[in-house]
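Asks: Task: produce atomic coordinates for the following.
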Amino acid sequence: MSRINARSPLARGLNGRGVDVGFLDANYAGLRHPVFSHLRANDRLGGLRNMTTGRQGGTHGAGVVSVAAGYEPGSLVGPAYGANIWGATTEFTQYERNVEEDNFVAGLEWLTRRGVDVVNASIGYTRFDDGQRSYGPDDLDGDTALTTRAVDQAARRGVTVVVSAGNSGCDAPDNCWFYVNTPADADSAIAVGAVAPDSSVASFSARGPTADGRRKPDVVVQGEKVPAAWKNDQYARVSGTSFASPQVTGIVAQMLQVNPALGPIDVRRLLRQTASQAHAPDTTRGWGIVDAEAAVRYAEWQARRTASPALHVSAPYTALDAPSLIVPVSAPPHTTRLRVTLHTALGHRVRRVERAGHPGPNRLPVDVNGLPPGLYRYVVTTDRGHHATGRVTLSK
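Replies: As a prediction, this is how the structure comes out:
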């Protein structure tokens, strides 16, 4: 998280709240690991669905989700631990057959119908079992593979898709594969490669260009020795672009939290423009190592430039790590101060918070320590006379 400058957004309360994040992967083990307990406690596990036939084991899917959205302080905190989570099992680990591409399409359609904002796909395809149809380098053109075309269709519907670049890089001079997998070759995908803890390119990280000459991957993050939830309620240090892409997916959720109007290509552009080698992209690191804070700040800046003329208040929520009620506010242009008051059902004011504000997204924390559970009314006002009210229930 420090390597990609991703701790600052979390410190500012940005954790993907209100964003729906979907996953296409192998077995999720029901997301029963303790790192996911906050999802059920706060009713943010949207649903899990198996698109395959037969039973399978493993913890790959659960590990991937944990990197993006896990929450167990002291062990693992994902950048999107406040998001709503959906998962479709499309990969069957017992074989590599073309039917898995059909499963992928079905899973992506299901997630799209559920209204997800961003999808992580830590799977990819080039070589299949004997007797199946495999892809060669000339097929990796952004338009041929079934899953690649499905990703582009999802993007046309406003879904941002983040894909692991693949683990068939260059482990040895006589075993190099200089192409990302499908669907990372999709024109609209954010393909994520991997670097080692010392920021050197991971030997297994797939490279570009695509068959039609486009640079891939788009960005890179650490993909070696990544902490992830694993079997028997334990944690493991894992490696692979599979565990690089969910880091970026979590950051995308933060970007969409502060600026829901961003489209898939907008998101990718901001990630590229704020990465470490934005002015000199190549086919190994793409636009470079992600800078999460810069990407989120840029998304916020764009949201402020296009702020709505009306005051909007989203549903308040309680913070996981403090006795605070967070009131998300989208303020109109020229706003410089914001005030929120909290009243009991009988109309008695019990809290008042006033602070500097700005056009676009704001998050107003209200200390609710000591307040009894129950129904409260909140009132948000701006220094320019805008006014909004609502109700919120505080629990223990």
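
Asks: switch to C-alpha atoms for all contacts and neighbour counts from now on
Replies: Fine.

Asks: is it true that Ala315 touches Val327?
Replies: Yes: here Ala315 lies in contact with Val327, judged by C-alpha atoms under 8 Å, at a distance of 7.0 Å.

Asks: The two - which one has more neighbours?
Replies: Shown here are Ala315 and Val327; by other C-alpha atoms under 10 Å, Val327 has more neighbours (19 against 12).

Asks: so who does that one touch?
Replies: Val313, Ser314, Ala315, Pro316, Tyr317, Arg363, Leu364, Pro365, Val366 (C-alpha atoms under 8 Å, 6 or more residues apart in numbering).

Asks: Dump those residues into a markdown table; add pLDDT and secondary structure as well.
Replies: A markdown table is the format used below for the contacts of Val327 (pLDDT from 0 to 100; DSSP: H, G, I helix; E, B strand; the rest coil):
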| residue | pLDDT | secondary structure |
| --- | --- | --- |
| Val313 | 94 | strand |
| Ser314 | 90 | coil |
| Ala315 | 89 | coil |
| Pro316 | 91 | coil |
| Tyr317 | 88 | strand |
| Arg363 | 90 | strand |
| Leu364 | 92 | strand |
| Pro365 | 92 | strand |
| Val366 | 95 | strand |
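
Asks: Give me the PyMOL select line for those residues, limited to the buried ones.
Replies: Entered in PyMOL, the line below selects the buried ones among these, by 16 or more other C-alpha atoms under 10 Å:
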select buried, resi 313+316+317+363+364+365+366
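
Asks: tell me how far the least confident helix or strand in the chain by mean pLDDT is from the chain's mean position?
Replies: Across the helices and strands of the chain, mean confidence by mean pLDDT, DSSP states H and E is lowest for strand 317-318: a mean of 86. How far strand 317-318 lies from its chain's middle: 20 Å, per C-alpha atoms, centre = their mean, to the nearest Å.

Asks: again, but for stretch 54-65
Replies: 19 Å.

Asks: Counting neighbours, which bits of it end up buried?
Replies: Thr59, His60, Gly61, Ala62, Gly63, Val64, Val65.

Asks: Narrow the residues you listed to those in helices?
Replies: His60, Gly61, Ala62, Gly63, Val64, Val65 (DSSP state H).

Asks: Same list, those residues, but as CSV with distance to Asp20 and pLDDT please.
Replies: Listed next are these as CSV, based on distance: C-alpha to C-alpha, whole Å; pLDDT from 0 to 100:
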residue, distance to Asp20, pLDDT
His60, 21, 94
Gly61, 17, 95
Ala62, 17, 96
Gly63, 18, 97
Val64, 16, 98
Val65, 13, 98
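
Asks: Which members of these are the farthest-apart pair?
Replies: Across these, no pair lies farther apart than His60 and Val65, at 8.7 Å, counting by C-alpha to C-alpha.

Asks: Domain map for this structure?
Replies: 7-303, 312-394 (automatic domain parsing).
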